[in-house]
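Novice: I'll drop the sequence and a predicted model, then ask my questions.
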Amino acid sequence: MTDYKNLKLIATSSPHIRGSERTQTIMRDVIIAMVPALAYAILNFGIRALAMTVVSVAGCMFFEWGYQKLMKKPVRIMDLSCVVTGMLLAFVCPVQIPYWMILIGDFFAIVVVKQLFGGIGKNFVNPALAGRAILLASYAGAMTSWVDPAINKANLIGNVDIVTAATPLSYMKGTDPAAIAESFTSLKETYSVTNMFLGQIGGSMGEVSVLMLLLGGVYLIWRKVINWQTPVAYIATVAVLTFLFPRAGTGVEWMLYSIFGGGLMLGAFFMATDYATSPVTKKGQLIFGIGCGVFTVLIRYFGSYNEGVCYSIMVMNLFVALIDKNTKPTRFGVVKSDKKEGAAK
């Protein structure tokens, strides 16, 4: 017989089963997944790519530490979430922008978008994308000028003798079908599909190499940091729409240049899967990815801006609560009629 009187019972709050994952370990995996893209950026654009990343990460860590100290909150910079934000913001910016400019983006991302809404997990849009959006709105010229890595590397200090180049997406932009067809022919002569896949093109420093981003994305899925639903649905939606509605060349050619160009791979694996700003249900993640893909194609086709990844993800971030509400599973023992009545109250 068990001696119940001498049992030592410990009462704790839920959850009673805890996994080994922590915010720090998850963020560490994301950082590891971004290392291949960072290494290629350094090789492609020069040592300034590393310097930009270090400055951005340092800025995000400083602003998060400073805000939490100022507001007398626990300092949580060691959870590494601010490091991830700093790396991602550097990745979505041209390598040659001034260092002070990316610090402005860091401040907006960390203080305005993240901390003022309560800190990690409480922001409603992706901080790095919001930082990029404010930089693009404030410094459009600097944010749309790209170094041509085939001709020159970015200088560590200053921007002397930098040769800028058009990105592949700029070749694919326009309203006149004849002009788009001619420009697309020039694009194929300038950059092959292999160039696009490997990243031997101009663009934001961390988003040019599809190969390196795929390696990072596969690592995150393998480590179960992210689910496959959002990135696969996002990329597949862009692929299907651009294949069915090409603006020049064959459907396959237009599709490949569309999915390999711009920040689609970076956005699909590292931005759209952000825990705080993406759905929690698998069905919701599929819907979220499809929505991001549709908005990306619409912006690229009909908007005035060449790229659509940044704004498409931010727009879909606003629908996350609605998506979660309508895709959450029914609780055990609750019939659908009861669920509808409860939602209506």
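Specialist: The structure has been received and is ready for your questions. Just so we're clear, the structure is a prediction, and the values are computed from it rather than from any experiment. Residues are numbered from 1 along each chain as shown.
Novice: Find me the pLDDT at residue 318, would you?
Specialist: Residue 318 carries a pLDDT value of 94.
Novice: can you check residue 308 too?
Specialist: Residue 308 is given a pLDDT of 87.
Novice: Leaving out sequence neighbours, find the closest residue to it.
Specialist: residue 299 (3.0 Å; C-beta to C-beta, 6 or more residues apart in numbering). Bear in mind the C-beta positions are built from the backbone N, C-alpha and C, glycine included.
Novice: Residue 135 now?
Specialist: Of all residues not flanking residue 135 in the chain, residue 105 sits nearest, at 4.6 Å (C-beta to C-beta, 6+ apart).
Novice: Please give the number of neighbouring residues around the one you found.
Specialist: Residues contacting residue 105 under the criterion other C-beta atoms under 10 Å number 31.
Novice: I'd like to check what contacts whatever helix or strand residue 62 lives in. Which residues are they?
Specialist: Residue 62 is located in helix 48-70, with elements delineated by DSSP states H and E. For helix 48-70, contacts defined as C-beta atoms under 8 Å, 6 or more residues apart in numbering pick out 38, 41-42, 73-77, 82-83, 85-87, 89-91, 93, 95-97, 99, 102-103, 105-107, 109-111, 114-115, 153-156, 205.
Novice: Let's see the helix or strand hosting residue 256 as CSV, backbone CA atoms only.
Specialist: Assigned by DSSP H and E, residue 256 belongs to helix 251-260. Once non-C-alpha atoms are left out, helix 251-260 reads as follows in CSV (Å, rounded to 0.1, in the frame of the first residue of the first chain):
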residue,chain,number,x,y,z
GLY,A,251,5.9,30.7,-68.3
VAL,A,252,8.8,28.7,-66.9
GLU,A,253,11.4,31.5,-67.5
TRP,A,254,9.2,34.2,-66.0
MET,A,255,8.5,32.0,-63.0
LEU,A,256,12.1,31.1,-62.3
TYR,A,257,13.3,34.7,-62.5
SER,A,258,10.3,35.7,-60.3
ILE,A,259,11.0,33.3,-57.5
PHE,A,260,14.8,33.6,-57.6
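Novice: so how far is it off the chain centroid?
Specialist: Chain-centre distance of helix 251-260: 20 Å, with C-alpha atoms, centre = their mean, to the nearest Å.
Novice: Enumerate residues external to that helix that contact any of its residues.
Specialist: By C-beta under 8 Å, 6+ apart, the residues outside helix 251-260 that reach it are 168, 172, 184, 187-188, 193, 196-197, 210, 235, 238-239, 242-244, 246-248, 264-265, 297, 300.
Novice: residue boundaries of the strands in this protein?
Specialist: In the chain, no strands are defined using DSSP state E.
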